[in-house]
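Chemist: Provided below for reference: sequence and predicted model.
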Amino acid sequence: MPAVPPQPGPPRPPGGTPVSPGAPGAPQSAPPAPGAAPRRTAWAEGVDRMRAAATTEPGRLRIIGAVLALLVVAFGAVTAWQMTERSAAADNVLHRSQPLSASAADIYRALADANTAASSGFLAGGQEPQEVRERYEQDIRTAAAKLITAANSSEPGSPAAKTISQLNELLPKYKGLIERARANNRQGYPLGGAYLRYANDTMQREMLPKAGHLYQRENQRLNSDYADAEPYPWAAIALGLVALAALAWAQRRNYRRTNRVLNQGMAAATAASLVVLLWLTVGHTFARSGLDESYDHGVRSLNVLHDAQIASLKARGNENLTLVSRGAETRTLADGKTTEDLYDYNFRTDMKTLTKGLAVAAGLADDSSGKKPVQAATAGMEVWKQRHKEARKADDAGDYQLALDRVIGSPDKKPTGECFDVVDKNLGIALTHEQDEFQRAAGDGLGAMTGLPAGAAVLAVLAAAGAVLGIGRRLSEYR
């Protein structure tokens, strides 16, 4: 057997120990020859492999399957994302922003009604009627409770939180002025009327404007939630159409190459994607319709009715204060010489607002249950105007007692207080009806989105799996 020649090894130093290549003292490898191509990166090599795979049918099928799965999953993800946002906004409309807007309106109404009840009790003299006193106390409790609710729902440091804090500071001040007015009135001191007018100024110039600003902010939040809930999810719809088009193309390509009409996996993926797209389009259309109805026949009517009720309360308070002040508060007309009673002028202004509000509310009411209380309130308002003219005529003629009887007297005296009660009661009935209409329509809108985000995500995953399995079945034919 011929001897195997010894293989060259690493050089040995004088001591006999081999020297590793690259170590100090070891000979260095030769540099690349001039003009040689640099080493390719892993990314470039991967791209080359994909290009090579795309030239074969199995490679093309793998790429098609990956793209189909990616499109379907992206469609489901975008659908779930957009509908989650819209569903959350619709939930805020029904359970947060609209109730807070109603609470802000209740704060305004309770404060205005408390002011009206205080002036009515003052006019009755030292012996304030028990029902009037209870109404005032109930209004104060309602305002305080609603302020607590609003404070818990507002963000610390926000303008709404600042307004609520200011109202909480002004409410005890107002109550103190009313109690001083009552104490002086019981003793027959004229100073009681001054305290009552000061309390009314505090209410009209500070408290009610702040409550009005709070109401406007809550309405803006409500409108913002509507704006977030109603827009169509165009991105999801467009992506769904692209995914369906890609699935249809893949199945047509499969048919043309194999003459097989049905690929079960891709057919299932197409069906699932179509279900998601139809559910998305139809569900959001119904949701949008419900939300639109809740706004047009709920929120708009509620806003108008709240304004009308507040106008009636302010009108009643000014009517009472006209008799309390006895001409102590006046305003100068445009000619600069003539004056008129300030509270009677405010009464006429409030009645114009009430008249306009009732007319708009009647136009917005879409059923008999909504129209009847508005019509009854309008009829009561017209009688109120007539009786107020008679009361003013008696007061201007110097018959204060007759004027007082025409405003707060017994029923046989046909007082304006009866008319105010009719207006206030029927506006309350109309508000309750429209609140129910809002909750029904908004609930329907929210219900139409129920389950859509989660359902879209699940169906998208199933569709992607179907597309991958369908492609996998074709790939198995090449093994």
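Modeler: Great, that's in hand.
Chemist: alpha carbons only for contacts and neighbour counts from here, please
Modeler: Noted.
Chemist: Leaving out sequence neighbours, find the closest residue to residue 468.
Modeler: residue 65 (5.5 Å; Cα to Cα, 6 or more residues apart in numbering).
Chemist: In terms of helices and strands, where is that neighbour?
Modeler: Using DSSP states H and E, residue 65 sits within helix 57-92.
Chemist: The next helix or strand after that helix to helix 57-92, inter-axis angle?
Modeler: With elements assigned by DSSP H and E, the helix or strand that comes after helix 57-92 is helix 98-123. Following axes from the mean of the first three to the mean of the last three Cα atoms, to 10 degrees, one obtains 10 degrees for the angle between helix 98-123 and helix 57-92.
Chemist: Now do the helix holding residue 65: distance to the chain's middle.
Modeler: 28 Å (Cα atoms, centre = their mean, to the nearest Å).
Chemist: Hmm, residue 135 is touching residue 118, no?
Modeler: No. Using Cα atoms under 8 Å, residue 135 is not in contact with residue 118; the gap is 9.0 Å.
Chemist: between those two, which one's more packed in?
Modeler: residue 118 (27 against 17; other Cα atoms under 10 Å).
Chemist: show me where the stretch 351-479 of the chain has helices.
Modeler: 368-396, 400-408, 416-447, 452-476 (DSSP state H, counting those that start in this stretch).
Chemist: Would you mind saying which of these lies nearest residue 102?
Modeler: helix 416-447 (9.1 Å; Cα to Cα).
Chemist: Could you list the buried residues of that closest one?
Modeler: 416-431, 433-435, 437-447 (16 or more other Cα atoms under 10 Å).
Chemist: Show me what the mean pLDDT comes to for that helix.
Modeler: Computed over helix 416-447, the mean pLDDT rounds to 94.
Chemist: Any idea how far that helix is from the middle of the chain?
Modeler: The answer for helix 416-447 is 20 Å, by Cα atoms, centre = their mean.
Chemist: before we move on, what about stretch 147-163?
Modeler: Per Cα atoms, centre = their mean, the centroid offset for stretch 147-163 relative to its chain is 16 Å.
Chemist: Sort out which residues of that stretch are buried, please.
Modeler: For stretch 147-163, the neighbour count (16+ other Cα under 10 Å) marks 147, 150-151, 154, 160-163 as buried.
Chemist: ditto for stretch 211-221
Modeler: For stretch 211-221, the neighbour count (16+ other Cα under 10 Å) marks 211-219, 221 as buried.
Chemist: Would you reformat the residues you listed as TSV and include secondary structure and pLDDT?
Modeler: Below are the buried residues of stretch 211-221 laid out as TSV (DSSP: H, G, I helix; E, B strand; the rest coil; pLDDT from 0 to 100):
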residue	secondary structure	pLDDT
211	helix	93
212	helix	91
213	helix	92
214	helix	91
215	helix	92
216	helix	90
217	helix	90
218	helix	89
219	helix	91
221	helix	91
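Chemist: Out of these, which is nearest to residue 241?
Modeler: Proximity of the buried residues of stretch 211-221 to residue 241 (Cα to Cα) peaks at residue 221, which lies at 34.0 Å.
Chemist: OK, contacts around the nearest residue to that closest one once chain neighbours are set aside?
Modeler: The shortest distance from residue 221 to any non-neighbouring residue, by Cα to Cα, 6+ apart, is to residue 97 (6.3 Å). Shown in contact with residue 97 (Cα atoms under 8 Å, 6 or more residues apart in numbering): 218-219, 221-222, 225.
Chemist: Among those residues, which pair sits farthest apart?
Modeler: Pairwise over these, using Cα to Cα, the maximum falls at 218 and 225, 10.7 Å.
Chemist: between the helices of the stretch 351-479 of the chain, which gets nearest to residue 92?
Modeler: helix 416-447 (9.8 Å).
Chemist: on contacts alone, who are the packing partners of the closest one?
Modeler: If you count contacts as 3 or more Cα pairs under 8 Å, 6 or more residues apart in numbering; DSSP states H and E, helix 416-447 packs onto helix 57-92, helix 264-294, helix 300-325, helix 368-396, helix 400-408.
Chemist: how many degrees apart are that helix and helix 264-294 in direction?
Modeler: Here the directions of helix 416-447 and helix 264-294 differ by 170 degrees (the same axes, to 10 degrees).
Chemist: Going forward, the N-terminal residue is numbered 34.
Modeler: Done: numbering now begins at 34, and the last item shifts to helix 449-480.
Chemist: quick check: angle from helix 449-480 to helix 333-358?
Modeler: In terms of direction (the same axes, to 10 degrees), helix 449-480 departs from helix 333-358 by 160 degrees.
Chemist: Any regions of this structure where pLDDT drops low?
Modeler: Applying pLDDT under 70 to the chain flags the ranges 34-73, 78-81, 83, 85-88, 159, 292-294, 510-512.
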